[in-house]
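[1] coords please:
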Amino acid sequence: MTTAHTLTLRTALLMTLPPLLWAGNAVVGRLLVGQVPPLMLNALRWLLAALLLAPLAWRVVRDGALIARSWPYLVAVGTLGVGLFNALQYLALVTSTPLNVTLINASMAVWMLLVGMALFGSHPTRRQVLGALLSVAGVLTVVTRGAWATLADLHFVIGDLYMLLAVIGWALYSWLLAQPPAWLRPPPRQRWSWAEFLFVQSLFGLVAAGGGAAAEAALTAQPPVAWHSAAVWAALAYVAVGPSVIAYRCWGLGVATAGPALAAFFANLSPLFAALLSAWLLGEWPQAYHGAAFALIVAGIAVSIGRGR
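    Here you go, the predicted structure:
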């Protein structure tokens, strides 16, 4: 069954902020390669995020009955959204290039539609399919700098597989956010605030994230963490606050309002933001292809929310 969603200015802003913050996360993750092991980075990120949320959400741990009733769902969203996606992304950035990672992430809208069809009984309209294609075309324009012939020169490595698994997992996570168990559905989300729900997600996700970091330390040779570096601590603070607490809060609200399929189109703004951030850091002005890419992505969003099949 296809559900119609109305895109308001508030929802559009909610769905635009996470891609911007996640674009910064990709840049920071790449900068930390060799300074903080990728799985440890993910575990530290969510440990700090949980500590930030704790003053707002600690009372939720006393709600044992609801947690016990919801534990399969909480394990799923915690593992997929906290323990899996970011760990795989940081792993991907070790061996893959930003271009490849961005290109694979561009398939998000397509995977969101496919997961919805396969597992949640969603039937995308022709407009949604066309919107997905336009959105992907916009991302390809960014990553190829307007020269699509460069796609023939791409070489794929194990990091690309990690990123593909991350994207599929995120699509499933977003659908689970949009369709929680009946006793967790708004209005209101029972006794849990947004901070409490994200806090519980992070606690369950930290089990997977911590296990991954422990296995990484035991099974692989990693350089020592530069704990004395102010830049490392600044990076950890950013990934804990922006891409984690703020972005996940906005993403959850946006998915609940607009639906996961439409949200995926906004996720494709992230490569554009990443290109602009990189250009800004390098002192370069945006080029014509940035404008073309933005137009294609926005066109994909506009087409997907239009009326008709």
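[2] show me where the stretch 101-250 of the chain has helices.
    Taking DSSP state H, counting those that start in this stretch as the criterion, the stretch 101-250 of the chain carries its helices at 108-119, 126-143, 158-178, 194-219, 230-240, 247-258.
[3] which strands and helices sit next to the second one?
    Of the remaining helices and strands, those touching helix 126-143 by 3 or more C-beta pairs under 8 Å, 6 or more residues apart in numbering; DSSP states H and E are helix 98-105, helix 108-119, helix 260-267, helix 269-281, helix 288-305. Where C-beta positions appear, they are placed from N, C-alpha and C, glycine not excepted.
[4] rewinding a little: minimum distance to Val303: which of the helices of the stretch 101-250 of the chain has it?
    helix 126-143 (4.2 Å; C-beta to C-beta).
[5] List the buried residues in that closest one.
    Judged by neighbour count (16 or more other C-beta atoms under 10 Å), helix 126-143 contains these buried residues: 127-128, 130-132, 134-143.
[6] Equivalent analysis for stretch 15-22, please.
    By neighbour count with 16+ other C-beta under 10 Å, stretch 15-22 contains the buried residues Met15, Leu17, Pro18, Pro19, Leu20, Leu21, Trp22.
[7] now these in JSON lines, with distance to Trp46 and secondary structure?
    Listed next are the buried residues of stretch 15-22 as JSON lines, based on distance: C-beta to C-beta, whole Å; DSSP: H, G, I helix; E, B strand; the rest coil:
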{"residue": "Met15", "distance to Trp46": "22", "secondary structure": "helix"}
{"residue": "Leu17", "distance to Trp46": "19", "secondary structure": "helix"}
{"residue": "Pro18", "distance to Trp46": "16", "secondary structure": "helix"}
{"residue": "Pro19", "distance to Trp46": "20", "secondary structure": "helix"}
{"residue": "Leu20", "distance to Trp46": "20", "secondary structure": "helix"}
{"residue": "Leu21", "distance to Trp46": "15", "secondary structure": "helix"}
{"residue": "Trp22", "distance to Trp46": "15", "secondary structure": "helix"}
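[8] pLDDT and distance to Gly252 added to the residues you listed, as a markdown table?
    Written out in a markdown table, the entries for these read as follows (pLDDT from 0 to 100; distance: C-beta to C-beta, whole Å):
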| residue | pLDDT | distance to Gly252 |
| --- | --- | --- |
| Met15 | 88 | 11 |
| Leu17 | 92 | 12 |
| Pro18 | 90 | 10 |
| Pro19 | 87 | 14 |
| Leu20 | 89 | 16 |
| Leu21 | 91 | 14 |
| Trp22 | 86 | 14 |
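[9] Would you convert the residues you listed into JSON lines that also reports distance to Val303?
    Written out in JSON lines, the entries for the buried residues of stretch 15-22 read as follows (distance: C-beta to C-beta, whole Å):
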{"residue": "Met15", "distance to Val303": "16"}
{"residue": "Leu17", "distance to Val303": "22"}
{"residue": "Pro18", "distance to Val303": "21"}
{"residue": "Pro19", "distance to Val303": "19"}
{"residue": "Leu20", "distance to Val303": "22"}
{"residue": "Leu21", "distance to Val303": "26"}
{"residue": "Trp22", "distance to Val303": "23"}
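[10] Right, I'll leave it there.
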